[in-house]
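Asks: return a 3D structure for these sequence lines:
(chains A and B)
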Amino acid sequence: DQQVKQNSPSLSVQEGRISILNCDYTNSMFDYFLWYKKYPAEGPTFLISISSIKDKNEDGRFTVFLNKSAKHLSLHIVPSQPGDSAVYFCAASSDSNYQLIWGAGTKLIIKP
Amino acid sequence: NAGVTQTPKFQVLKTGQSMTLQCAQDMNHNSMYWYRQDPGMGLRLIYYSASEGTTDKGEVPNGYNVSRLNKREFSLRLESAAPSQTSVYFCASRNTNQPQHFGDGTRLSIL
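Replies: Below you'll find the model as predicted:
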């Protein structure tokens, strides 16, 4: 049973436009959510996070929105750039040891 | 500026062979983690070490053992490799209230 789901395996967006990546979760005990970015043959790198006490967190071109009632979060990238082409993973945690439960990832392709 | 270093980067084993994957971090992090990533799936936690001297099972520990050798190093051992353990293995580390930092992975194939 997948507790964290990213239902879109891939997403193609024009350079300069907004990219919106979605993530749904089922466990109401999750209280911390993160987005990681991964290039081929590299490890994931941390992008942005949000605590369950907030509904929005912004860092430059990246904004994460959390809708607790819908158990849904999204990552907005504005404007999208070619270097944003990567696989994006959503992850969630519910304990102090920070065990992360990961979604399967969404491959973002930015078209020139 | 190494961060998290994993060795080897690639390995091919035969069924039944044993192998240890090495991980070292130079960021003085307390916690370390081992994950596996399979095609079409997210990362799954195998084992973690919340601090030096402690280890705990994650989501998929069967067939693996770990050793937290010191604060810097956390190794993952396959005692008798099976084809189902073919995967990409990632090591990560973190300090309290910080996100996890990952190595570049070990690509392991078991024939």
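
Asks: would you map the strands across the chain?
Replies: Since no chain was named, I'll use chain A. Using DSSP state E, the strands of chain A run over residues A:4-5, A:10-14, A:19-25, A:32-38, A:45-51, A:56-59, A:62-67, A:72-77, A:86-93, A:100-102, A:106-111.

Asks: not what I meant, chain B
Replies: B:4-7, B:10-13, B:19-25, B:31-37, B:43-49, B:56-57, B:64-68, B:74-78, B:87-94, B:101-102, B:106-110.

Asks: gap between the second one and the chain center?
Replies: Here strand B:10-13 shows a centroid-to-chain-centroid distance of 15 Å under the convention CA atoms, centre = their mean, to the nearest Å.

Asks: any residues touching that strand, and which ones?
Replies: B:M19, B:L78, B:A81, B:T106, B:R107, B:L108, B:S109, B:I110, B:L111 (CB atoms under 8 Å, 6 or more residues apart in numbering or on different chains). Quick note: C-beta positions are derived from backbone N, CA and C, even for glycine.

Asks: picking that back up, who wins for proximity to B:N95 among the strands of chain A?
Replies: Closest approach to B:N95 among those is made by strand A:45-51 (12.8 Å; CB to CB).

Asks: and the angle from the closest one to strand A:72-77?
Replies: 130 degrees (axes from the mean of the first three to the mean of the last three CA atoms, to 10 degrees).

Asks: tell me the buried residues in strand A:45-51?
Replies: For strand A:45-51, burial by neighbour count (16 or more other CB atoms under 10 Å in any protein chain shown) applies to A:F46, A:L47, A:I48, A:S49, A:I50.

Asks: the second one and A:D84: what is the separation?
Replies: Just to be clear, that refers to A:L47. 10 Å (CB to CB, to the nearest Å).

Asks: pull up the overlap in contacts between these two.
Replies: A:K37.

Asks: helices or strands up against the helix or strand bottoming out on mean pLDDT in chain A?
Replies: One helix or strand of chain A scores below all others by mean pLDDT, DSSP states H and E: strand A:100-102, with a mean of 93. Using 3 or more CB pairs under 8 Å, 6 or more residues apart in numbering or on different chains; DSSP states H and E, the elements in contact with strand A:100-102 are strand A:86-93, strand B:43-49.

Asks: now for A:F89: which residues touch it?
Replies: Contacts of A:F89 by CB under 8 Å, 6+ apart are A:Q6, A:W35, A:Y36, A:K37, A:K38, A:P44, A:W102, A:G103, A:G105, B:G42, B:L43.

Asks: most centrally placed residue in chain B?
Replies: Against the mean C-alpha coordinate of chain B, by CA atoms, centre = their mean, the closest residue is B:W34 at 3.1 Å.

Asks: re the thing from before, nearest to A:D59, of the buried residues of strand A:45-51?
Replies: A:I48 (5.1 Å).

Asks: who's B:Q6 bridged to?
Replies: Beta bridges link B:Q6 to B:C23, judged by DSSP bridges.

Asks: report the contact partners of it.
Replies: Shown in contact with B:Q6 (CB under 8 Å, 6+ apart): B:L21, B:Q22, B:C23, B:Y89, B:F90, B:C91, B:G103, B:D104, B:G105, B:T106.

Asks: keeping just the C-alphas, turn stretch B:19-35 into PDB.
Replies: C-alpha atoms of stretch B:19-35 as PDB (Å, rounded to 0.1, in the frame of the first residue of the first chain):
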ATOM      1  CA  MET B  19      29.500  -8.000  -0.500                       C
ATOM      2  CA  THR B  20      29.800  -4.900   1.600                       C
ATOM      3  CA  LEU B  21      28.800  -1.500   0.300                       C
ATOM      4  CA  GLN B  22      30.700   1.300   1.900                       C
ATOM      5  CA  CYS B  23      29.400   4.800   2.900                       C
ATOM      6  CA  ALA B  24      31.300   7.600   4.500                       C
ATOM      7  CA  GLN B  25      30.300  11.200   5.300                       C
ATOM      8  CA  ASP B  26      32.500  14.200   6.200                       C
ATOM      9  CA  MET B  27      29.700  16.500   7.400                       C
ATOM     10  CA  ASN B  28      29.800  15.300  11.100                       C
ATOM     11  CA  HIS B  29      26.200  14.100  10.800                       C
ATOM     12  CA  ASN B  30      24.700  12.000  13.500                       C
ATOM     13  CA  SER B  31      22.200  10.000  11.500                       C
ATOM     14  CA  MET B  32      22.900   7.800   8.500                       C
ATOM     15  CA  TYR B  33      20.600   5.800   6.200                       C
ATOM     16  CA  TRP B  34      20.600   3.100   3.600                       C
ATOM     17  CA  TYR B  35      18.000   3.000   0.800                       C
END
